[in-house]
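S.K.: Pasting the sequence and the predicted model now:
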Amino acid sequence: MNNWFYINLATFLLAVIFFLWNLPKTGTILLASILGLLGLLFILFNWNMHAIFSKIRQLKKRSDRIKIAKYARKIMPYHMMIGICGLILIIGHLFFVFYSYGIFINLKILSGILAFIGLIIVSISGYLRRVKASRLRRLFHLYSSFVLFILIVFHLIV
């Protein structure tokens, strides 16, 4: 497996550990946390597409590259739908957090807002890439995804 797969798995396990460590007491915060975990799962699943394509590039045997490329070809049509589902789950997470805490701003909420803005940028860049693919749009989508990943990890740690 590619290193990014293990990094994504570690990130999700870190989120689950933080969730269990700070198990919410109220129903709306519990629902917000569950929506956030599910949204993270969808986003990290989509981010594994980068791991799959990286693995294809680094393999030497053509037969192995073809086998993984066929797997990637089956997943790729669902990439945008998975991303939209993740975005909807994160919007639900955002709604229930603001419903519970109001306009109270702290570092955790501020990092979440930054991560949400990053998710919007990644979603728009992915859509634009789908409309008209170019090298610049592919790289912008990739690098904005890197930034989103960093923002998500920062939001989890804070």
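M.R.: Looks like it arrived, so ask away.
S.K.: Phi first, then psi, for residue 103.
M.R.: Reported as degrees, to the nearest 10, the phi and psi values for residue 103 are phi -90, psi 20.
S.K.: Please tell me how far it sits from residue 110.
M.R.: Note on residue 103: its distance to residue 110, by C-beta to C-beta, to the nearest Å, is 12 Å. Any C-beta I mention is one placed from the backbone N, CA and C, and that applies to glycine too.
S.K.: Check residue 5 too.
M.R.: Counting by C-beta to C-beta, the gap from residue 5 to residue 110 is 30 Å.
S.K.: of the two, who's got more company?
M.R.: Neighbours per residue (other C-beta atoms under 10 Å) separate residue 5 from residue 110, with residue 5 holding more: 17 against 12.
S.K.: what sits against the more buried one?
M.R.: Contact analysis of residue 5 by C-beta atoms under 8 Å, 6 or more residues apart in numbering lists 48, 51.
S.K.: So what touches stretch 140-157?
M.R.: Here stretch 140-157 makes contact (C-beta under 8 Å, 6+ apart) with 11, 14-15, 18, 40, 43, 47, 50, 108, 111-112, 114-115, 118-119, 121-122, 125-126, 129.
S.K.: can we see that at 6 Å?
M.R.: Contact with stretch 140-157 is made by 14-15, 111-112, 114-115, 118-119, 121-122, 125-126, 129, as judged by C-beta atoms under 6 Å, 6 or more residues apart in numbering.
S.K.: for stretch 48-66, same thing?
M.R.: With C-beta under 6 Å, 6+ apart, stretch 48-66 has contacts from 2, 4-5, 8, 68-69, 72.
S.K.: Between those, identify the one with the most neighbours.
M.R.: residue 8 (22 neighbours).
S.K.: which residue packs closest to that residue, ignoring adjacent ones?
M.R.: residue 44 (4.4 Å; C-beta to C-beta, 6 or more residues apart in numbering).
S.K.: Ramachandran angles for the one you found?
M.R.: phi -70, psi -30.
S.K.: Any idea how many residues pack against it?
M.R.: Using other C-beta under 10 Å, residue 44 has 21 other residues around it.
S.K.: for residue 14, same thing?
M.R.: Residue 14: 14 surrounding residues under other C-beta under 10 Å.
S.K.: again, but for residue 55
M.R.: As a burial measure, residue 55 scores 20 neighbours (other C-beta under 10 Å).
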